[in-house]
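> I would like to see how this sequence folds:
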Amino acid sequence: MPFEIPFLVPILIVILLLVFFSLVPVGLWVTAQFSGVHVKISQLIGMRLRRVIPKNIINPLIKATKAGLNLTTNQLEAHYLAGGNVNTLVNALIAAQRADIELEFERAAAIDLAGRNVLEAVQVSVNPKVIETPNIAAVAMNGIEVIVKAKVTVRANIERLIGGAGEETIIARVGEGIVTTVGSSESHTSVLENPDSISKTVLNKGLDSGTAFEILSIDIADVDVGRNIGAKLQTDQAEADKRIAQAKAEERRAMAVAKEQEMIAEVRSMRAKVVESESKVPLAIAKALESGNLGVLDYYNMKNIISDTEMRQAISGNSEKIKEDDKYCFLFYLL
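Okay, here's the model as predicted:
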């Protein structure tokens, strides 16, 4: 037993040292002390217990201290626990200080927690950014399509970064302004001759209101002539009118065919009546002979008329019509 205690002491010391160095980043504490950041070891242990990585707080704090910023570990740790990017935040504060931009820690932290890149915002505020719009198609009053491509120079507005609209809104508003300006032009040639009129008109509309940017200038990079939309619309309208006219003509043709069929049916009905009347002719002749209204001489006169009629039929070649006429004449004669 006395021999086991000296053997366990080194093991316990090693275990205690491992636990100590795992909880206390001694190297980081030494670096902070030599950098002028006065932080206690108890604070580093507290960060470990709060599941905060000490180097993510101490290293940005060292940069801030060297840059002359008055920040504390509590501020940075609170921002870290809220889900913010401490390193980006400190870099943005340093850049703002160097550029003589008034940016407080609370506002920078709010911008970062809002999901915006606060460092990029400060950089864009110092060095304006150029936003290039896609090809925007607009149609002038004469029906010619004009394709415009613009470059918008913007500067970040720190005061409106929280709640302000982004680049997509700027592009959409500029595109709307270009379409409106080109659409109000009487001819596409006026747009081609004076493209800066587009930028002036659009710039005067105050398109940056409610956005996180301030529009400095709008430059027309390219203007091209597209399709003749007016002619195409007229062609389409003419084609549509043609189809409507064809449909109406087809409707009239169908009505005419139906009317023709009705007339054919009516003619057949009348012919049936004529045939019915013809069937009564021999009976009428017989009755007339029997009653004495028609004599033998009259009968032969009728035969002569029929013979003359047949001869005229052979000469004229219009036998059917003459037959019909003679029948009607004969019937009239009987009556």
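
> Strands along the stretch 151-300 of the chain, start to end?
213-228 (DSSP state E, counting those that start in this stretch).

> Any buried residues in stretch 82-97, and which?
84-97 (16 or more other C-beta atoms under 10 Å). In short, each C-beta sits where N, CA and C put it, glycine included.

> how about the CA coordinates for stretch 151-167, as PDB?
C-alpha atoms of stretch 151-167 as PDB (Å, rounded to 0.1, in the frame of the first residue of the first chain):
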ATOM      1  CA  LYS A 151     -24.900  50.400 -64.600                       C
ATOM      2  CA  VAL A 152     -26.000  51.800 -61.200                       C
ATOM      3  CA  THR A 153     -23.400  53.200 -58.900                       C
ATOM      4  CA  VAL A 154     -24.600  53.000 -55.300                       C
ATOM      5  CA  ARG A 155     -23.300  53.700 -51.900                       C
ATOM      6  CA  ALA A 156     -24.400  52.000 -48.700                       C
ATOM      7  CA  ASN A 157     -26.500  54.000 -46.300                       C
ATOM      8  CA  ILE A 158     -25.600  52.900 -42.800                       C
ATOM      9  CA  GLU A 159     -28.700  54.500 -41.300                       C
ATOM     10  CA  ARG A 160     -31.000  52.500 -43.500                       C
ATOM     11  CA  LEU A 161     -29.300  49.100 -43.500                       C
ATOM     12  CA  ILE A 162     -31.800  47.900 -41.000                       C
ATOM     13  CA  GLY A 163     -35.100  47.400 -42.700                       C
ATOM     14  CA  GLY A 164     -33.900  48.800 -46.100                       C
ATOM     15  CA  ALA A 165     -34.400  47.000 -49.400                       C
ATOM     16  CA  GLY A 166     -31.500  45.400 -51.100                       C
ATOM     17  CA  GLU A 167     -29.900  45.300 -54.600                       C
END
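
> Turn the buried residues of stretch 82-97 into TSV, including distance to residue 204 and secondary structure.
Shown next, in TSV, are the buried residues of stretch 82-97 (distance: C-beta to C-beta, whole Å; DSSP: H, G, I helix; E, B strand; the rest coil):
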residue	distance to residue 204	secondary structure
84	39	coil
85	38	coil
86	42	helix
87	41	helix
88	36	helix
89	37	helix
90	40	helix
91	37	helix
92	33	helix
93	36	helix
94	37	helix
95	32	helix
96	31	helix
97	35	helix
